[in-house]
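sequence-free structure coming up:
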C-alpha cells in the first residue's frame, strides 16, 4: 500500500457510495496494519469511523474478507477470536487489497459496504 | 468541519509538506472530536499516525493550538492533564480550524508541523 | 516454567509446524500469566501474535485446554466470560504445560494448533 | 526482520546479559511494529516484559534509539509524546536493527540494557 493507491481507493469508495446514496467511512491500512488513509463523508454515522478502521485492520491481520473471516469464526466456533487484537470485525465490508494492505467500509448495510469495497478495489 | 473542507486541508498539508521535503501524517477532526479525514504520506514514520490524530483531537477538546495548550499545562502546573482523554499533546503541530474542528500534523519537528498546519488552514 | 523449558517448547512447536507446512506464532506463559517466550515464524499471519498469547494466557488463568474452556463456557452459558481478563480464547490451541505455565499456538486451524501444542508439550 | 535474524538477536542478547550477570527480557519487533520474538530470562523482573516490548516498538515507530528519542522529547519539550502509541519509552535499551525492525532490552540499568542491545545487533 502506498499513498497514491490509498488516495485512489478512498476516492473510488466515496464516489461509489455517493452513487448508491450512502454516507460512509472508508479506511485504508497498509501491510503492517498501520492506517494509511481515512475519510468520513458528511452525514456518515459517528460510529462508522471505528468500524471502518477495524474492518481494514481485520483484513490485514487475517488476510480474508471480513465476511469470510466472520463465517470462519462462526463455522469453526472460534469463540473469543473477535475479541483479539483489540477487536476484530466478523461481517462484510473489509477486504484485502491486491498488492498488500486492506480497505474497510462502514455506513451502509454490511452487503452495501462490501459492494463499495469491491468496487473501489476493482478500480486499481 | 465537513468532508469538502477536510479534503482540502489534507491536500494543502501534503502539498506544503512536500514543498518542505517532509513526509507527514495529517489528521482532521470535527467539532465532536471525531476523525473526519487522515492521510499518511509515503515514508512518514509509523509513529506519526497516532501523534497527528492526538494533536487534532487535543485542539478540538481544548480549542487552542497544541503549542499553547502545552505551555498552559506547564505554566499552570496542570499535572496529569496530558494523560486525560486517553492522551493529549502539549507541543506544536495541532490547531483549531476556523469554522470548527481541528488539524493535526506530525512528521517534521514540532515547529515544522505547525508551519504546515498554519499553511493548510490559511488556504480556507 | 523457566527459560530453558520455554526455549525447548518454542523450538519443538516450530519444528512441528514446519513439518506440517504451517507458519505459526507460539507463546509460552509462566504460572503468573507473564510472557516467558514468543516466536512468530516467517509468513505467519500478523493476527496470530495476539491469538497465541491469549491462548497461553487463558490456559494459565483457567488451567484447562482452551478447547475445554470454550466448551465449558458454552455449556454453562458463561456469558461474558471470554471478555474477562482483557480477552480470553475459547477454541483449541492453548494448553497448560506439566509443571506449570502454558503454551499457545496460532496459525493453522484450531485443531492443527492444538496438535502442535500437544506435540511440543510431549517433548518435555 | 525475519525469524532467523530474530532468533539470533535473542540468543546474542541473552548470552551478553548472562556474561554481565544480568537477567533480562528481550523483544524483537518487525518493520511494522509487530512482535517477532521475545524471551524472558529466569529471574528477570516481571515488569521487564512490557518495557522490553515498548522499547522495541518505540524504535520502530520512531527509528531512533530510545535514548535518543527520549533526549529529543526532553530537548524539544515534546510533552505528551511518550503517551502516544499506547506508551513509548524515552530511556536507553531500544534501538533499530540494520535492515529493519528493532530490539528492546529491559532488566539492567538503562545503560546496561543499551550495551546488550548494541552487542546483540553487532553480531548480525
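Thanks, I have the structure now. If you're wondering where the values come from, they're calculated on a predicted model, not measured in any experiment. Numbers count the residues shown, from 1 in each chain, chains lettered A, B, ... in the order given.

Provide the secondary structure category for residue A:91.
Classification of residue A:91 into helix, strand or coil gives coil, according to DSSP: H, G, I helix; E, B strand; the rest coil.

Let me see the confidence value for it.
For residue A:91, the model assigns a pLDDT of 98.

That one - nearest residue in space that isn't next to it in sequence?
Across the structure, with CB to CB, 6 or more residues apart in numbering or on different chains as the measure, the residue nearest residue A:91 apart from its sequence neighbours is residue A:110 (4.5 Å). C-beta coordinates here come from the backbone N, C-alpha and C atoms, glycine included.

Run a quick neighbour tally on that neighbour.
Look at residue A:110: counted by other CB atoms under 10 Å in any protein chain shown, it has 19 neighbours.

all strands in chain A, in order from the N-terminus.
Taking DSSP state E as the criterion, chain A carries its strands at A:25-29, A:35-40, A:94-96, A:102-106.

Contacts for the last one next, please.
Going back to what we said before, that points to strand A:102-106. Strand A:102-106 is contacted by residues A:9, A:13, A:17, A:24-29, A:44, A:47-49, A:51-60, A:63, A:66, A:89, A:93-97, A:113-114, A:116-117, A:120-121 when judged by CB atoms under 8 Å, 6 or more residues apart in numbering or on different chains.

Can you pick out the ones from the residues you listed that are in helices?
Residues from these lying in helices, with DSSP state H as the criterion: A:9, A:13, A:17, A:48-49, A:51-60, A:66, A:113-114, A:116-117, A:120-121.

near chain C, which of these show up?
When contact is defined as CB under 8 Å from any CB of the partner chain, the ones in helices among the contacts of strand A:102-106 meet chain C at A:58, A:60.

I'd like to know the beta-bridge partner residues of the residue nearest in space to the middle of chain A.
In chain A, the C-alpha closest to the average C-alpha coordinate belongs to residue A:104, at a distance of 1.1 Å (CA atoms, centre = their mean). In this structure, residue A:104 has beta-bridge partners residue A:27, residue A:94, where bridges are defined by DSSP bridges.

burial measure for the closest residue to residue A:78 other than its chain neighbours, as a count.
By the measure of CB to CB, 6+ apart, the closest residue to residue A:78 outside its immediate chain neighbours is residue C:91, 4.8 Å from it. Around residue C:91 there are 26 other residues, counting by other CB under 10 Å.

Could you do residue A:31 as well?
When neighbours are counted by other CB under 10 Å, residue A:31 registers 18.

cool, the one 4 residues further on as well?
Other residues near residue A:35 come to 24 when the count uses other CB under 10 Å.

That one and residue B:38 touch, don't they?
Yes - with the criterion set as CB atoms under 8 Å, residue A:35 and residue B:38 qualify as a contacting pair; they are 6.3 Å apart.

Quick check: neighbours shared by those two?
Overlap between the contact sets of residue A:35 and residue B:38, as judged by CB under 8 Å, 6+ apart, is given by residue B:49.

ok, back up a step: measure the residue nearest to the centre of chain A to residue D:88 for me?
Taking CB to CB, to the nearest Å as the criterion, residue A:104 is separated from residue D:88 by 26 Å.

Which residues of chain A lie near chain B?
Counting by CB under 8 Å from any CB, chain A sits next to chain B at A:2-3, A:6-7, A:32, A:34-42, A:46, A:49.

so which of these comes closest to chain C?
residue A:32 (7.4 Å; CB to the nearest CB).

And for the closest one, nearest residue in space, chain neighbours not counted?
For residue A:32, ignoring the flanking residues on the chain, the nearest one in space by CB to CB, 6+ apart is residue D:32 at 2.2 Å.

Same question for residue A:114.
residue A:92 (3.9 Å).

Now for residue A:47: which residues touch it?
For residue A:47, the contact set (CB under 8 Å, 6+ apart) comprises residue A:106.

Tell me how far it lies from chain D.
22 Å (CB to the nearest CB, to the nearest Å).

For that residue, give its distance to residue B:36.
With distances taken as CB to CB, residue A:47 is found 14 Å from residue B:36.

likewise residue A:99?
27 Å.

do the same with residue A:110
23 Å.

since we're on residue A:43, how many residues are nearby?
A total of 11 residues lie near residue A:43 under the criterion other CB under 10 Å.

again, but for residue A:14
With neighbours defined by other CB under 10 Å, the count for residue A:14 comes to 21.

And the one 4 residues further on, by the same measure?
Other residues within reach of residue A:18 by the criterion other CB under 10 Å amount to 12.

still on that earlier bit, I'd like to know which of the strands of chain A lies nearest to residue B:77.
Each of the strands of chain A was checked against residue B:77 via CB to CB, and the shortest separation belongs to strand A:35-40, namely 34.6 Å.

mean confidence for that closest one?
Taken as a whole, strand A:35-40 has a mean pLDDT of 98.

for stretch A:10-17, same thing?
This predicted structure assigns stretch A:10-17 an average pLDDT of 98.

Only the buried residues of that stretch, if you could.
Buried positions in stretch A:10-17, judged by neighbour count with 16 or more other CB atoms under 10 Å in any protein chain shown: A:10-14, A:16-17.

now stretch A:49-68
Residues of stretch A:49-68 classed as buried by neighbour count (16+ other CB under 10 Å): A:49-67.

any idea how far residue A:1 lies from residue A:60?
9 Å.

Show me which of residue A:99 and residue B:36 is the more surrounded one.
Looking at residue A:99 and residue B:36 with other CB under 10 Å, you find the greater number of neighbours at residue B:36, namely 29 against 10.
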